[in-house]
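*Asks:* Let's see this in three dimensions:
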Amino acid sequence: MPRALTRTGALLAAVVLLFTSWSVTTDRRAEALEPFTGYLMAHFTGEHANGEQIYLAHSRDGLRWTDLNNGAPVLLSTVGTRGVRDPALVRSPAGDRYWIIATDLRIASGTSWSDAANNGSKSLVVWESSDLVNWSSPRLLNVAGGISGAGNAWAPEAIYDPSSGDYVVYWATNATLNGVKKHRIYYVRTRDFRSVGSPVLYIDRGQGQGIIDTQIVEAPGSAGGYRYYRASADGQITIEASNSVLGTWTRIGDLSHMGISNGATGGNVVEGPMWMQFNGRAEWALWLDQYATGRGYMPVTSTNLGSTRNFATRTDYQLGGTRKRHGSILNLTAAEESRVLAKWGTSAPVTRIQAYTHQDRYVRHADFDVRIDPNVSPAQDAQFHVMPGLAGSGTVSFQSVNYPGYYLRHYGFDFVLAPDDGTATFKSDATFRQVAGLASASWSSFQSYNYPDRYIRHYDYKLRLDPITDATGRADATFRLTS
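*Replies:* Predicted structure coming up:
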């Protein structure tokens, strides 16, 4: 091929690649400028078996919420303590990158609050995405390791700082300073949520008053007189204001006059303040987690953040089926909302797998082992989504409802519930052909994709993958998919 032609072709390819890259980036950045049409809430649900993971809810009006993914978690932490609380959703100014950062903590594992506060994780858990629906594997980000005597890193938040072109990540750490051990707010700077600067003290209420939860919202047009407003759980729910993220903050007031506090003056004792601006109008909701009574979030709203006397309680809200604990809310563009609902908004059927021989028993996972049991509790341990087979067309795979991304698979011909590791072996081990039931044609049997002479069957109530050679085996290998 002539060298000149080769150079021309290479130049043309480079131009096409550059234009394509520019177009995709521009599309993402344009999304950030589009009007908002909906809302996405990230939260956890409590200290039960799978409650300390990432859950999502969607709203069209900012007050009435629908659980996504059928009320099951959408992301599971597999790092650190293998549990997360207090998730914060972060969008880049260009709208081309998103992060979820969360507390690395799982009380359900048996950790005491004292151990968690004094000998807990110094890292946050981070997920990253370019489209809000396809997320990276979780990773740990050590933010508090540089704080002398740090006991933990709790309740993280992040906000973009236009004055420096990076993000301010802030959280609470329990440490001794000037002879007093308590929770204070620290911050670090980051551009990529992979590397951070040294931690700096951000908020210290003085004397013995600790502070754990704080969240900042930017008010367009400096509504109420300031650009930024900060709500903190520091005995009260204290509202402060500033014109810069790391500048001087002015105390606006608190919510004690509404009978709401963080414990200092009793009343409705709340935590986890979570800001949200209503789409298309200068009105804000401050959601408060009613942890003391276990009722989950409630909103108070205001059209003027310049005084706490402008806040009013609301009763016209609905939180969906799950209990919503300390989280954050992201306003969604139409494109973002469409992607989120396409991924998690469809109500995929929930299926149970009933045993033919013991019709009061259903396939369930317990500590990631798989067996058949009656009266399964929690019920979601025996619920699955029947998915197109991971390894081939015309086949099925069984994805756990309460452990999304985890599938029934055989391993050494025993069955376990395991996360899809992306390998061809996993996909084959988790794939089956649904055929007429070996003991009754009106039921079903499930033939192994990679060992076609073997079928799913129960033996001594445990699930196995076996060759079927007699009537007992045929009956044990027969199941019914039911709601």
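*Asks:* Could you report the neighbour count for the nearest residue to R191 once chain neighbours are set aside?
*Replies:* The shortest distance from R191 to any non-neighbouring residue, by Cβ to Cβ, 6 or more residues apart in numbering, is to D166 (4.7 Å). For the C-beta atoms, the positions are set from N, CA and C on the backbone; glycine is no exception. Neighbour count of D166, defined by other Cβ atoms under 10 Å: 16.
*Asks:* try the one 5 residues further on
*Replies:* Taking other Cβ under 10 Å as the neighbour definition, W171 ends up with a count of 28.
*Asks:* Also P349?
*Replies:* Neighbours of P349 under the rule other Cβ under 10 Å: 12.
*Asks:* any weak-confidence spans in the stretch 251-400 of the chain?
*Replies:* Along the stretch 251-400 of the chain, the parts satisfying pLDDT under 70 run over 346-348.
*Asks:* sorry, that was for the stretch 1-150 of the chain
*Replies:* Checking the stretch 1-150 of the chain against pLDDT under 70 turns up 1-33.
*Asks:* can you map out the strands along it?
*Replies:* Here the stretch 1-150 of the chain has its strands, by DSSP state E, counting those that start in this stretch, at 36-44, 55-59, 65-67, 84-91, 98-104, 123-129, 139-142.
*Asks:* Quick check: the gap between R281 and I185.
*Replies:* Separation of R281 from I185 (Cβ to Cβ, to the nearest Å): 30 Å.
*Asks:* Comparing the two, which residue is more hemmed in?
*Replies:* Taking neighbours as other Cβ under 10 Å, R281 and I185 compare with I185 leading, 23 against 8.
*Asks:* Leaving out sequence neighbours, find the closest residue to that one.
*Replies:* I203 (3.7 Å).
*Asks:* pretty sure that neighbour contacts T238?
*Replies:* No - between I203 and T238 there is no contact under Cβ atoms under 8 Å: 9.9 Å.
*Asks:* For A172, see how far away the residue nearest to I185 is.
*Replies:* 9 Å.
*Asks:* Can you give me the neighbour number for the residue nearest to I185?
*Replies:* Look at I203: counted by other Cβ under 10 Å, it has 19 neighbours.
*Asks:* List the buried residues in stretch 197-209.
*Replies:* Neighbour-count burial for stretch 197-209, counted by 16 or more other Cβ atoms under 10 Å, picks out P199, Y202, I203, D204, R205.
*Asks:* what residues does it touch?
*Replies:* Stretch 197-209 is contacted by residues 143-144, 146-147, 170, 173, 177, 180, 182, 184-190, 211, 214, 232, 234-235, 246 when judged by Cβ atoms under 8 Å, 6 or more residues apart in numbering.
*Asks:* Would you write out the PyMOL command that picks the buried residues out of those?
*Replies:* Filtering these down to the buried ones (16+ other Cβ under 10 Å) takes a single PyMOL command:
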select buried, resi 143+144+147+170+173+182+184+185+186+187+188+189+190+211+214+232+234+235
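*Asks:* hmm, back to that, export the buried residues of stretch 197-209 to a markdown table and tack on secondary structure?
*Replies:* A markdown table is the format used below for those (DSSP: H, G, I helix; E, B strand; the rest coil):
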| residue | secondary structure |
| --- | --- |
| P199 | coil |
| Y202 | strand |
| I203 | strand |
| D204 | coil |
| R205 | coil |
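*Asks:* Nearest to P452 among the residues you listed?
*Replies:* Among the buried residues of stretch 197-209, P199 lies closest to P452 (Cβ to Cβ), at 57.3 Å.
*Asks:* Look up how far N118 lies from that closest one.
*Replies:* 18 Å.
*Asks:* T214 too?
*Replies:* Distance from T214 to N118, by Cβ to Cβ: 21 Å.
*Asks:* Give the closest residue to the residue nearest the centre of the chain in space, chain neighbours not counted.
*Replies:* By Cα atoms, centre = their mean, the chain has its centre lying nearest to I54, at 2.3 Å. Leaving aside its sequence neighbours, I54 sits nearest to L75 (Cβ to Cβ, 6+ apart; 3.8 Å).
*Asks:* That neighbour: neighbouring residues, count only.
*Replies:* 23.
*Asks:* I'd say Y229 and I216 touch.
*Replies:* Yes - assessed by Cβ under 8 Å, Y229 is found in contact with I216 at 7.0 Å.
*Asks:* who's more crowded, those two?
*Replies:* A side-by-side neighbour count of Y229 and I216, using other Cβ under 10 Å, places Y229 first with 24 against 19.
*Asks:* And stretch 473-483, what's buried?
*Replies:* Buried residues in stretch 473-483, defined by neighbour count with 16+ other Cβ under 10 Å: G473, R474, A475, D476, A477, T478, F479, R480, L481.
*Asks:* The last one looks like it's in a helix, true?
*Replies:* Right, L481. No - looking at L481 with three-state DSSP, it is strand, so not inside a helix.
*Asks:* Report the separation between it and F432.
*Replies:* Distance from L481 to F432, by Cβ to Cβ: 12 Å.
*Asks:* Without its sequence neighbours, what residue ends up closest to A477?
*Replies:* R457 (3.8 Å).
*Asks:* In which helix or strand does the one you found reside?
*Replies:* Assigning secondary structure by DSSP states H and E places R457 in strand 454-459.
*Asks:* In terms of secondary structure, what does that strand contact?
*Replies:* strand 444-448, strand 462-467, helix 471-476 (3 or more Cβ pairs under 8 Å, 6 or more residues apart in numbering; DSSP states H and E).
*Asks:* Go again with 6 Å.
*Replies:* strand 444-448, strand 462-467 (3 or more Cβ pairs under 6 Å, 6 or more residues apart in numbering; DSSP states H and E).
*Asks:* Who are the packing partners of the shortest one?
*Replies:* Spelled out, it's strand 444-448. strand 432-436, strand 454-459.
*Asks:* Which residues are in contact with L40?
*Replies:* Counting by Cβ atoms under 6 Å, 6 or more residues apart in numbering, L40 makes contact with L330, L332.
*Asks:* Show the contacting residues for V401.
*Replies:* Listed by Cβ under 6 Å, 6+ apart, the contact set of V401 reads A72, V350, Q380, Q383.
*Asks:* change it to 7 Å
*Replies:* N70, A72, V350, Q380, Q383, F384, H385 (Cβ atoms under 7 Å, 6 or more residues apart in numbering).
*Asks:* List just the nearest of the residues you listed to A42.
*Replies:* Within the contacts of V401, the smallest distance to A42 is 14.1 Å, found for A72 (Cβ to Cβ).
*Asks:* Phi, psi for the closest one please.
*Replies:* Phi and psi for A72, reported as degrees, to the nearest 10, are phi -90, psi 160.
*Asks:* Also the one 10 residues further on?
*Replies:* Here the main-chain torsion angles of R82 (degrees, to the nearest 10) amount to phi 70, psi 30.
*Asks:* Correct me if wrong: it contacts L105.
*Replies:* No - between R82 and L105 there is no contact under Cβ atoms under 7 Å: 10.1 Å.
*Asks:* circling back: relative to L246, how far out is the residue nearest to R191?
*Replies:* Distance from D166 to L246, counting by Cβ to Cβ: 11 Å.
*Asks:* Before I go, just wanted to say thanks for your time.
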